[in-house]
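*Asks:* Please find the sequence and the predicted model below.
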Amino acid sequence: MITIENIHKSFGKIRVLKGIDLDIPKGSAVAILGPNGSGKTTLMKSLLGMVVPDQGRILLNNTTIDRGWKYRNGIDYLPQIANFPNNLKVSELLKMIKDIRGAKTDKETYYIDLFSLHPFLNKKLGTLSGGTKQKVNLVLAFMFDSPILILDEPTSGLDPISLLVLKDIILGEKKKGKTLLISSHIMNFVEKVCDTILFIWEGTIYFNGSITDLKKNTKKDDFEHAIAHLLKSAHD
C-alpha cells in the first residue's frame with residue numbers, strides 16, 4: 001500500500017501540491033488525471049524520491065520512504081520524457097540499465113518480441129522515431145517485473161497496434177496483483193486499464209473514486225464526457 005499524508009510542494013513561489021492525502025491499495029490501477037500543470041508528474045516524482053516534498057510524508061507498506069533509496073528497487077518508472085545518449089544502441093541501453101539496476105532478468109526478450117523491436121536492437125537511439133523510442137522505454141519499464149509501476153504518459157507516440165499491445169500488458173500486470181499509477185491523455189485507454197480515477201486540479205485532489213462513481217456523480221454515461229464535465233466544473 002502507498003500512503004501519502006499532507007504532501008505540499010512548491011517551486012519558488014509556485015505551489016504545485018497543496019496538501020495531498022491519498023491511500024493507494026496494493027493491486028489497484030489508478031489513473032492520475034488533470035490538466036497540464038496540475039501536479040501529476042510532481043506527485044509521481046515525489047513517490048520516487050526525485051522530488052522532496054516541503055511538508056508531509058509518504059509511506060510504502062507502512063514504512064516512510066524518508067529520503068531512502070532501496071524501496072525504489074520495487075518500483076518501475078516510465079518518465080514522460082526519457083532522454084538517453086543518442087549514440088547508444090538499443091541493445092547497449094538495455095544492458096546498461098540492467099547493469100545499473102544490478103538485477104538479473106531476461107524478460108526484455110519477451111517485451112522486445114511483443115513490440116517487434118528486434119530490427120532496431122543494433123540501431124542507435126538517435127536514429128529511431130519517437131514511437132520506437134517509446135517502445136524501448138516501455139521495455140525498460142516492464143522488464144524488471146517490480147510490484148509497483150508508475151507510467152507517465154505511456155501511450156505517447158504509439159501506433160494503434162502498439163497501443164493494443166500496451167493495453168494487454170497492463171491488464172496482465174493487473175492480474176498479477178501489481179499496483180499501477182498511470183497518467184495519460186487518452187481517455188479510451190484509461191477507461192480500459194484503470195479502476196480508480198484520481199483527478200488533480202491545481203495541486204489538490206478534486207475527485208478520487210471509481211469510473212462508475214465518476215459517471216454517476218457527473219451524470220454522464222460516457223467516460224470522456226464525464227472527465228470533460230469534471231474539468232469544466234473544477235474550472236468554474
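*Replies:* In hand now; what should we look at?
*Asks:* quick one: the helices in the protein?
*Replies:* 40-48, 90-101, 108-114, 130-142, 160-175, 187-193, 211-218, 223-235 (DSSP state H).
*Asks:* Would you mind putting those helices into TSV with mean neighbour count alongside?
*Replies:* Heads up, the C-betas are built off the backbone N, CA and C, glycines and all. Output for those, formatted as TSV (neighbours: other C-beta atoms under 10 Å):
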stretch	mean neighbour count
helix 40-48	21
helix 90-101	16
helix 108-114	16
helix 130-142	21
helix 160-175	15
helix 187-193	18
helix 211-218	16
helix 223-235	16
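*Asks:* Adding mean pLDDT and distance to V30, write those out as a markdown table.
*Replies:* A markdown table is the format used below for the helices of the chain (pLDDT from 0 to 100; distance: least, C-beta to C-beta, whole Å):
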| stretch | mean pLDDT | distance to V30 |
| --- | --- | --- |
| helix 40-48 | 93 | 11 |
| helix 90-101 | 92 | 24 |
| helix 108-114 | 95 | 23 |
| helix 130-142 | 95 | 16 |
| helix 160-175 | 96 | 11 |
| helix 187-193 | 95 | 10 |
| helix 211-218 | 94 | 11 |
| helix 223-235 | 90 | 15 |
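*Asks:* what's the closest of these to N61?
*Replies:* helix 40-48 (12.9 Å; C-beta to C-beta).
*Asks:* Show me the one of the helices of the chain that comes nearest L78.
*Replies:* helix 130-142 (4.1 Å).
*Asks:* next one: the closest one to chain centre, how far?
*Replies:* Averaged C-alpha coordinates place helix 130-142 at 13 Å from its chain's average position (C-alpha atoms, centre = their mean, to the nearest Å).
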